[in-house]
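Q: no FASTA, just this:
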């Protein structure tokens with residue numbers, strides 16, 4: 001409900017009425033038909049999640065992605081993950097030689113925290129499906145899998161120098177000299193960020209110089225392999241933007257968030273260009289990235305996000321934003337950044353939240369497609385749950401809700417009443433802070 005919903009029974013009643021008349025059942029793949037109709041010929045379908053560790057969010061996004069690939073010819077999936085790790089998955093699903101024997105081993109190599117976001121059995125299943133699909137189509141029609149994020153500073157620099165060592169040893173030596181600027185920080189991004197805050201120095205020029213050198217030689221480098229050059233150029237771009245991200249992060253405020261989301265949109269645009277001017281894209285990211293920031297309190301804080309930027313650049317008709325949410329269940333998260341993953345409980349949603357309103361309407365798991373039913377009563381801000389990789393269930397009602405105008409922030413919404421934690425590949429896993437389990441699927 002809205003911020004004054006507890007004192008406004010009429011507002012509560014109108015939201016309940018909207019939910020009951022607009023909720024569609026969500027139990028099987030065919031129940032996604034109304035959403036496919038809403039997507040129509042749109043080329044950008046952005047799929048969210050209310051947490052980074054809920055199984056049903058992964059499996060429903062996978063089911064919708066499969067249908068978009070099979071029925072609408074979508075060309076790639078781009079996710080909130082690191083470019084180097086996800087590019088290894090891309091190579092595997094396309095059957096490139098020496099890309100790995102199976103999806104589980106490829107995904108198990110994801111080492112940067114939080115590993116569970118992509119190293120999980122739900123993604124193993126999707127990757128094997130993509131591999132099987134790609135085996136049946138031409139090379140030009142193979143579906144890709146890519147990471148949009150900006151965190152992989154050191155991994156991306158290593159990938160650039162490895163590529164240049166093979167293709168242009170003299171330029172590789174120059175790149176290593178440039179990247180040596182980062183060496184004193186021992187791959188500690190916090191240390192680098194603090195250092196740039198204390199003195200007016202950075203490695204920005206060095207990161208930019210490597211990217212510029214790659215692009216200057218683009219014509220000749222592409223002759224050695226279009227995919228190899230694209231991968232190297234993207235890693236150089238990640239290194240440049242990661243340096244900027246970590247440098248702005250230490251100062252606080254919205255700047256680093258905006259650097260990150262602009263980078264993800266820049267990467268998405270590059271992927272579309274790489275696959276051809278009419279290529280269509282599926283994006284998997286948290287609701288806070290794909291739900292249009294203009295219809296939350298993020299806008300007031302000076303923040304933009306991927307959903308907003310894609311809508312603004314590609315247009316409402318070519319962009320469909322799909323949010324996800326749950327009332328209660330379990331989730332994989334950690335109690336602080338870098339801490340061991342835990343299977344945590346997700347308590348019942350706050351009484352003034354959209355998730356509670358849907359639960360209270362007793363519609364079960366449901367699909368909402370906004371625009372096909374009058375949504376008066378839901379056109380004011382309502383509390384909307386958002387859980388990150390760091391989570392404290394006992395205090396979530398004070399920090400895990402974003403005031404949101406739901407039918408403007410999203411074009412559609414998938415609600416799962418009770419959810420379970422994603423199934424990570426890495427062990428051990430803790431349950432509520434107790435002793436580690438020996439198998440990650442134990443409840």
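A: Structure's in. What do you need? Just so it is clear, the structure is predicted and the values come from calculations on it, not from any experiment. Numbering: from 1, shown residues only.
Q: Have a look at this structure and report its longest strand.
A: Scanning the chain for the strand with the most residues, using DSSP state E, yields strand 319-333.
Q: Direction included, what does it pair against?
A: Counting by DSSP bridges, the strands paired with strand 319-333 are strand 44-47 (parallel), strand 342-346 (antiparallel), strand 412-419 (parallel).
Q: which residues in the stretch 1-150 of the chain form strands?
A: Here the stretch 1-150 of the chain has its strands, by DSSP state E, counting those that start in this stretch, at 24-25, 44-47, 76-79, 144-147.
Q: Other residues contacting the first one?
A: With Cβ atoms under 8 Å, 6 or more residues apart in numbering as the contact definition, strand 24-25 has outside contacts at 31, 34, 364, 365, 366, 367, 368, 369. The C-beta positions use only the backbone N, C-alpha and C, and glycine is treated the same way.
Q: hmm, back to that, list the buried residues for the longest strand of the chain?
A: 319-327, 329-333 (16 or more other Cβ atoms under 10 Å).
Q: same question, stretch 358-365
A: With the criterion 16+ other Cβ under 10 Å, stretch 358-365 contains buried residues 358, 359, 361, 363, 365.
Q: deepest of the strands of the stretch 1-150 of the chain, which one?
A: Most buried of the strands of the stretch 1-150 of the chain by mean neighbour count (mean count of other Cβ atoms under 10 Å) is strand 44-47; its value is a mean of 26.
Q: any idea how far it is from the chain center?
A: The chain centre lies 11 Å from the centre of strand 44-47; the measure is Cα atoms, centre = their mean, to the nearest Å.
Q: Now tell me what touches that strand from outside.
A: The contact list for strand 44-47 (Cβ under 8 Å, 6+ apart) reads 39, 61, 64-65, 68, 74, 268, 280-285, 290, 306-307, 310, 314, 318-322, 324.
Q: From the chain's centroid, how far away is the longest helix seen in the chain?
A: Across the chain, the longest stretch assigned as helix under DSSP state H is helix 226-249. A distance of 17 Å separates the C-alpha centroid of helix 226-249 from that of its chain, computed with Cα atoms, centre = their mean.
Q: any chance you could map the helices in the stretch 151-300 of the chain?
A: 153-167, 169-179, 189-198, 204-216, 218-222, 226-249, 255-275, 287-290 (DSSP state H, counting those that start in this stretch).
Q: closest to residue 85 out of these?
A: Shortest separation from residue 85 across the helices of the stretch 151-300 of the chain is recorded for helix 153-167, at 7.7 Å, computed as Cβ to Cβ.
Q: now the angle between helix 169-179 and that closest one, please.
A: The directions of helix 153-167 and helix 169-179 differ by 160 degrees, with axes from the mean of the first three to the mean of the last three Cα atoms, to 10 degrees as the criterion.
Q: how about helix 153-167: buried residues?
A: 153, 154, 155, 156, 157, 159, 160, 161, 163, 164, 167.
Q: Skipping its backbone neighbours, what lies nearest the second one in space?
A: Going back to what we said before, that points to residue 154. By the measure of Cβ to Cβ, 6 or more residues apart in numbering, the closest residue to residue 154 outside its immediate chain neighbours is residue 187, 4.7 Å from it.
Q: which residues touch residue 190?
A: With contact taken as Cβ under 8 Å, 6+ apart, residue 190 is in contact with no other residue.
Q: rerun at 10 Å
A: By Cβ atoms under 10 Å, 6 or more residues apart in numbering, the contact list for residue 190 reads 246, 249, 250, 337.
Q: And the residues you listed, which of them are buried?
A: In terms of neighbour count (16+ other Cβ under 10 Å), the buried residues within these are 246, 249, 250.
Q: Include distance to residue 260 and pLDDT when you put these into TSV, please.
A: Listed next are the buried ones among the contacts of residue 190 as TSV, based on distance: Cβ to Cβ, whole Å; pLDDT from 0 to 100:
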residue	distance to residue 260	pLDDT
246	10	92
249	9	87
250	14	82
